[in-house]
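>>> Take a look and give me a structure for this.
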Amino acid sequence: MWLYAGLSLAAIVTIFLLSARRPVPRVEVVTVVRGNLSAVIPTNGKVEPVEPFEMRALIPSHVVRTHAIEGQAVKKGQLLIELDNAQIRAEVAHAQEELVAKKDALGIANSGGSATQLAQIDSDIRKADLDHARQQENVTALEKLVAQQAATQQELTVARANLARSETDQRRLQTEKAEFVRQAKLDVDRQSLLVQQAQDNLRDLEEKARSTRITAPVDGTLYAFPLRANDAAKPGDLLAAVADLRRIRVRAFIDEPELGKLVPGQSVEITWDALPNRKWAGTTEQIPRQVVPHGTRSVGELLCTVNNDDQRLIPNTNVNVRIELDQRKSVVLVPRGALVFDGAQRFVFVVQDANASAVLHKQEVHLGISDATNFEVVSGLNTGEIIALPTNLEPKDGMRVRVIRPE
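Numbers count the residues shown, from 1 in each chain. Got it, this is the predicted structure:
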């Protein structure tokens, strides 16, 4: 019984001591190696033509007939679509009649106004001049007769009143003619303005009439052609869009923190989910100058020129964009998960004596470029060293760990 009691007590003490010891944490490790590294910005973008030509409806109408199909190669001047133009043709004819009437009115104004009215004023002036001359002669004759006492003073007074009235009529008619001439000059300016307005209106209507026959403005591809025969067209509706699809660009949406890394001339790789085995090469061209909202993101819109000689990329498609910022050959690489950030300093934990039980040593490193998985180590670490990947562990300098090597 005493023996059993002693053994039980020893077992209890052993279990207590074992439970009091903290287990050695496990940590995955990786060996530092060299490799090639490319720093890239992955994002999305949209394809657009460099020089798109969009034709839009200028008047309310409807499609009479179409002469092409979307995706077709077209030549400059080729007829694409016809709209009903009966109403606009009638408006053009009415505008032409108005212009003729306005030009006739301008011609009358340029000639000094209404010829009949001006002739009447001139006739009245000549009559007034003749009457004034007759009244003047009568006054002169009566003054001699009164001096000879052959006429009365009353007759001379009446003659002088008639002369004054004729002079008043002369002044009134001259003033009337001057006002008529002044009004005629103003009428010339007014009629000239009306003629100009009528000409502008006619040109506008003629342009709208011509717009009912849509032709290709350049050689290229008809990449947008949304309407069919009998479809209604409202002013501003897109009728057709043509561009040379060998010259395209991609509008890439770059998140705000990445904008400072962009410069013109950086290499760009474009992929499209619809053609997963195809890649297109390009370069950065126009760097963003402002940040705009794009969904839930704040982005700068980067324009990239892209070689599309096979014309497989089409406008308005959503594509994947990879912008290569820098490329390094045979540099020391560490996984992102191995780095510990402490303010402006960067550390890794080197595994010393990497056996079943090893010790972690905190070591500062200086970094270069990075990609989605690795950083370049400029100094502080050598190839062949073993470092910890403390994914589920808060590492400390001098910590004893159990090494787990990834399979």
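>>> Where do the helices of this protein begin and end?
With DSSP state H, the ranges of helices along the chain come out as 2-20, 86-110, 115-147, 153-210.
>>> what about those helices, which gets the closest to Ile386?
Shortest separation from Ile386 across those is recorded for helix 2-20, at 29.7 Å, computed as C-beta to C-beta. For every residue, glycine as well, the C-beta is placed using N, CA and C.
>>> Can you tell me which of the helices of the chain is nearest to Gln78?
So among the helices of the chain, helix 153-210 is nearest, using C-beta to C-beta, at 15.5 Å.
>>> which strands and helices sit next to the closest one?
If you count contacts as 3 or more C-beta pairs under 8 Å, 6 or more residues apart in numbering; DSSP states H and E, helix 153-210 packs onto helix 86-110, helix 115-147.
>>> For that helix, give the mean pLDDT please.
The average pLDDT within helix 153-210 is 83.
>>> okay, the angle between it and helix 86-110?
150 degrees (axes from the mean of the first three to the mean of the last three C-alpha atoms, to 10 degrees).
>>> in the sheet, who's paired with Ser38?
Ser38 has these beta-bridge partners by DSSP bridges: Gln327.
>>> got the contact list for it?
By C-beta atoms under 8 Å, 6 or more residues apart in numbering, the contact set of Ser38 is Glu324, Asp326, Gln327, Arg328, Asp371.
>>> just Ala216 next, same as before
Ala216 makes contact with Val74, Lys75, Lys76, Gly77, Gln78, Leu80, Leu222, Ala240, Val242 under the criterion C-beta under 8 Å, 6+ apart.
>>> Check the contacts of Ser38 and tell me the two furthest apart.
Glu324 and Arg328 (11.5 Å).
>>> which intervals of this protein have sub-threshold pLDDT?
By pLDDT under 70, the low-scoring segments of the chain are 5, 10-22, 108, 111-116, 118-119, 181, 183-186, 354-357, 406-407.
>>> let's see 80
Residue ranges of the chain with pLDDT under 80: 1-24, 105-122, 150-151, 176-191, 353-357, 372, 391-393, 405-407.
>>> Show me it divided up by domain.
If you go by automatic domain parsing, the domain ranges for the chain are 22-35+329-404, 41-51+244-328, 58-83+212-240, 87-205.
>>> can you put the ones you listed in TSV and add distance to Ser8?
Shown next, in TSV, are those (distance: least, C-beta to C-beta, whole Å):
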stretch	distance to Ser8
domain 22-35+329-404	26
domain 41-51+244-328	66
domain 58-83+212-240	89
domain 87-205	111
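>>> Select, out of those domains, the one closest to Met1.
Met1 lies closest to domain 22-35+329-404 among those, at 36.2 Å (C-beta to C-beta).
>>> Drop anything exposed from the contacts of Ser38.
Among those, those classed as buried by 16 or more other C-beta atoms under 10 Å are Asp371.
>>> wait, which of the contacts of Ser38 is closest to Glu394?
Asp371 (26.3 Å).
>>> The closest one is in contact with Val40, isn't it?
Yes. Shown here, Asp371 and Val40 form a contact pair, counting by C-beta atoms under 8 Å, at 6.1 Å.
>>> ok, back up a step: which one of the helices of the chain lies closest to Asp397?
Taking those one by one with C-beta to C-beta, helix 2-20 is closest: 24.4 Å.
>>> so how far is Arg246 from Asn201?
As for Asn201, its distance to Arg246 is 41 Å (criterion: C-beta to C-beta, to the nearest Å).
>>> what's the answer for Pro52, then?
13 Å.
>>> What of Val340?
50 Å.
>>> got it, and Glu51?
Glu51 sits 11 Å away from Arg246, going by C-beta to C-beta.
>>> Counting neighbours around each, name which of the two comes out higher.
When Glu51 and Arg246 are compared for neighbours, Arg246 comes out ahead with 14 against 11, by other C-beta atoms under 10 Å.
>>> so Val331 sits right up against Gly35, yeah?
Yes. Here Val331 reaches Gly35: they are 7.1 Å apart, a contact under C-beta under 8 Å.
>>> higher neighbour count, these two?
In this view Val331 and Gly35 are compared by other C-beta under 10 Å, and Val331 has more residues nearby, 16 against 13.
>>> Enumerate every residue touching the more buried one.
Contacts of Val331 were listed using C-beta under 8 Å, 6+ apart, and they are Arg34, Gly35, Asn36, Leu37, Gly368, Glu376, Val377.
>>> Just flag the most distant two among those.
Asn36 and Val377 (14.1 Å).
>>> Look at the two and report which has more neighbours.
Between Asn36 and Val377, counting by other C-beta under 10 Å, Val377 is the more crowded of the two (23 against 10).
>>> Please name the bridge partners of the nearest residue to that one once chain neighbours are set aside.
Excluding its sequence neighbours, the residue lying closest to Val377 (C-beta to C-beta, 6 or more residues apart in numbering) is Val332, at 4.2 Å. Under the criterion DSSP bridges, Val332 forms beta bridges with Arg34, Val377.
>>> pretty sure Val332 is in contact with Gly380, am I right?
No. Contact between Val332 and Gly380 fails when scored by C-beta under 8 Å: they sit 9.2 Å apart.
>>> between these two, who's got more neighbours?
Using other C-beta under 10 Å, the more surrounded residue of Val332 and Gly380 is Val332, with 23 against 16.
>>> What separation do you get for the more buried one and Ser379?
Counting by C-beta to C-beta - Val332 and Ser379 are separated by 9 Å.
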